[in-house]
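# Sequence and computational prediction follow.
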Amino acid sequence: MAGRFKVEELIGQGGMGKVYRARHLALDRLVCLKMLKPTLLEDSSVVGRFEREALAASRLNHPNSIQVLDFGRNDTDGSLYIVMEYVQGKDLRLVLRDEWPVPEERLCNIMAQVLAALGEAHAHNVIHRDLKPENVMVEQRRDHPDCVKVLDFGIAKMLDSELPALTRSDAVCGTPQYMAPEQATGAPLDGRCDLYAVGIMLYQMVTGQLPFDGPNSMDVLTRQVNEAPVPPRRKQPNAPISAAMEALILRVLSKDPALRPQSAEEFRQLLLAIPRRNPARGSEEQSATPARGTLPRTSAHSGAPAPAGPVARAASHWFGKFAAVCAIVALATAVAILRPRNGPRPPAMAASTAGAPAKAVAAARANELVRRAAQSADQDLARDLLAQAIAIDSDNAEAHFRLGGLLLGSDPAGARIEYQAARRLDPARYGDEVGAILKEP
């Protein structure tokens, strides 16, 4: 094709076109060739998204982002094509299906690479807007096990683009189960909506279930906007989820973007710190861990069985995603119901303001959660409230101290981490008491 590529095998197809494994003749390397059907060239929205994927991905030069090698039009029939690097491996949905529960250290390594790719994208004013397990490929390389590639920038938004919006409803494109509240309501977006999607994926990877799902897209979007997630360790009590991981997930899933990590790099550093904070789990806790590859029966969003070939499966997702996106665009009118009709948005959806005001709001919310935990006779509820408080304000010494007390009998290592955090944050108040509890000077 075009005198430069030799098509070797059809690896995916759908209503939008076809995907081939091909060989770049000049470079003698395998590539992935996406071709749009010529009959769709008259649909400006479809062509726009196809071109947008090529432009967005071509801006990125990062080892964890899919690389676009070429983009153009076929001379024979006028169809558009994108040439991308050929990635072998399996996506995170298959990892979840086949290997759950994923060890926490491995999961942190995988998701840290996703965040590294997002950091590069956000630095170039590109937000992905459709992150989900199907768009994260994990490849086992000889010199780099669990090498991650972030795929599919088909509905990416380029914040500095001078191109006109494809449609007025373009702002609500995405997959409902992974959409941030501000994305679900069509509010202005920045990179923190991608961080929320990573938080959803983390929740799904540690529990085997989605935090928000429902019988239809509108129900899911409503829950994204209005409901707090069930804390992961309550959702899946037998899964090996550390207190630090749970606290970080709950923080990232805050409805207010100002309460999440403010950049992909900040999120990445917090994630990488988790394995360093958590010592190896004891044999008693490991014995309660579900067998590998046994997802909970209620696992949501499992989908149909995957095709046998991982590359063919990845290609088919490109077409499936286009259909899903079109369905979400059609929901734009319904989604408007979620958007406030007059006046400013409610506090949970208010535009973020960096600095002291946001920190003060976070501290006040965390203090209220600590107060409720102190008054609760339900230890599980108290623990969840304290985890949420720490997720909102990690510098709340009282939350760490009280959580340490609740964990002391069931998770001594986790309790020690929380007690030490309380002593570090407020040595005058907790130094002696923590020392006596831990029997340390």
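On my side now, so go ahead.

# looking at this structure, which helix or strand is least sure?
helix 283-287 (a mean of 38; mean pLDDT, DSSP states H and E).

# for the stretch 151-300 of the chain, what spans make up the helices?
Counting by DSSP state H, counting those that start in this stretch, the stretch 151-300 of the chain has helices at residues 181-184, 192-207, 217-226, 232-235, 243-252, 264-277, 283-287.

# And residue 196, how close does it get to residue 365?
Applying Cβ to Cβ, to the nearest Å, the value for residue 196 to residue 365 is 18 Å. (Glycine included, C-beta is placed from N, CA and C.)

# out of the two, which sits in the busier spot?
Higher neighbour count among residue 196 and residue 365: residue 196, with 23 against 18, using other Cβ atoms under 10 Å.

# does the more buried one really touch residue 256, like I thought?
No. At 10.7 Å, residue 196 and residue 256 do not qualify as touching, with contact defined as Cβ atoms under 8 Å.

# Restricting to C-alpha, output stretch 215-226 in CSV.
The C-alpha coordinates for stretch 215-226 follow below in CSV (Å, rounded to 0.1, in the frame of the first residue of the first chain):
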residue,chain,number,x,y,z
PRO,A,215,-28.0,-1.1,33.7
ASN,A,216,-27.5,1.8,31.3
SER,A,217,-25.1,4.6,30.6
MET,A,218,-27.3,7.3,32.2
ASP,A,219,-27.5,5.4,35.5
VAL,A,220,-23.7,5.0,35.5
LEU,A,221,-23.1,8.7,34.8
THR,A,222,-25.6,9.7,37.6
ARG,A,223,-23.7,7.5,40.1
GLN,A,224,-20.3,9.0,38.9
VAL,A,225,-21.6,12.5,39.7
ASN,A,226,-23.5,11.8,43.0
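
# And that stretch, what's buried?
Using 16 or more other Cβ atoms under 10 Å as the test for burial, stretch 215-226 gives 217, 218, 220, 221, 222, 223, 224, 225.

# closest to residue 117 out of the helices of the stretch 151-300 of the chain?
With Cβ to Cβ as the criterion, residue 117 lies closest to helix 264-277 of those, at 8.3 Å.

# for the record, mean pLDDT for the closest one?
The pLDDT scores in helix 264-277 average 90.

# Which strands and helices lie in contact with that helix?
When contacts are defined as 3 or more Cβ pairs under 8 Å, 6 or more residues apart in numbering; DSSP states H and E, helix 264-277 sits against helix 104-123, helix 192-207, helix 243-252.

# Give the buried residues for it.
264, 267, 268, 270, 271, 274, 275.

# Now for the fifth one: which residues touch it?
This points to residue 271. Residue 271 makes contacts with 108, 111, 112, 115, 248, as judged by Cβ atoms under 8 Å, 6 or more residues apart in numbering.

# just checking, the fourth one touches residue 269?
No. In terms of Cβ under 8 Å, residue 115 does not count as a neighbour of residue 269; the distance is 9.1 Å.

# which residues sit against stretch 397-406?
With contacts defined as Cβ under 8 Å, 6+ apart, stretch 397-406 is touched by 243, 366, 369-370, 373-374, 379, 382-383, 386-387, 389-390, 393, 415-419, 421-422, 425-426, 429-430, 433-434, 437.

# so where is the stretch 51-200 of the chain shaky, pLDDT-wise?
Scanning the stretch 51-200 of the chain for pLDDT under 70 picks out the ranges 53, 56-57, 153-173.

# how about the strands of it, start to end?
68-73, 80-85, 90-91, 126-127, 136-141, 144-150, 157-158 (DSSP state E, counting those that start in this stretch).

# Quick check: neighbours of the second one in the sheet, parallel or antiparallel?
Meaning strand 80-85. Paired strands of strand 80-85, with direction, are strand 29-36 (antiparallel), strand 68-73 (antiparallel) (DSSP bridges).

# hey, which of those strands is tucked in deepest?
strand 29-36 (a mean of 21; mean count of other Cβ atoms under 10 Å).

# low pLDDT regions in the stretch 301-441 of the chain?
301-358, 441.

# repeat that for 50
301-330, 332-337, 340-354 (pLDDT under 50).

# Please enumerate the helices of it.
Using DSSP H, counting those that start in this stretch, helices in the stretch 301-441 of the chain cover 310-330, 332-335, 356-375, 379-392, 397-407, 412-425, 427-438.

# for the third one, packing partners?
Helix 356-375 makes packing contacts with helix 379-392, helix 397-407 when contacts are defined by 3+ Cβ pairs under 8 Å, 6+ apart.

# For residue 151, which of the ones you listed is the nearest?
helix 379-392 (29.0 Å).

# Just the CA atoms of that closest one, as PDB, please.
Extracted in PDB, the C-alpha atoms of helix 379-392 (Å, rounded to 0.1, in the frame of the first residue of the first chain):
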ATOM      1  CA  GLN A 379     -15.600  -0.100  63.500                       C
ATOM      2  CA  ASP A 380     -15.800  -0.900  59.700                       C
ATOM      3  CA  LEU A 381     -17.600   2.400  59.100                       C
ATOM      4  CA  ALA A 382     -15.100   4.300  61.200                       C
ATOM      5  CA  ARG A 383     -12.200   2.800  59.300                       C
ATOM      6  CA  ASP A 384     -13.700   3.700  56.000                       C
ATOM      7  CA  LEU A 385     -14.400   7.300  57.200                       C
ATOM      8  CA  LEU A 386     -10.800   7.600  58.400                       C
ATOM      9  CA  ALA A 387      -9.500   6.300  55.100                       C
ATOM     10  CA  GLN A 388     -11.500   8.800  53.200                       C
ATOM     11  CA  ALA A 389     -10.300  11.600  55.500                       C
ATOM     12  CA  ILE A 390      -6.700  10.600  54.800                       C
ATOM     13  CA  ALA A 391      -7.400  10.400  51.100                       C
ATOM     14  CA  ILE A 392      -8.700  14.000  51.200                       C
END
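
# Return the list of helices and strands in contact with that helix.
With contacts taken as 3+ Cβ pairs under 8 Å, 6+ apart, helix 379-392 sits against helix 232-235, helix 243-252, helix 356-375, helix 397-407.
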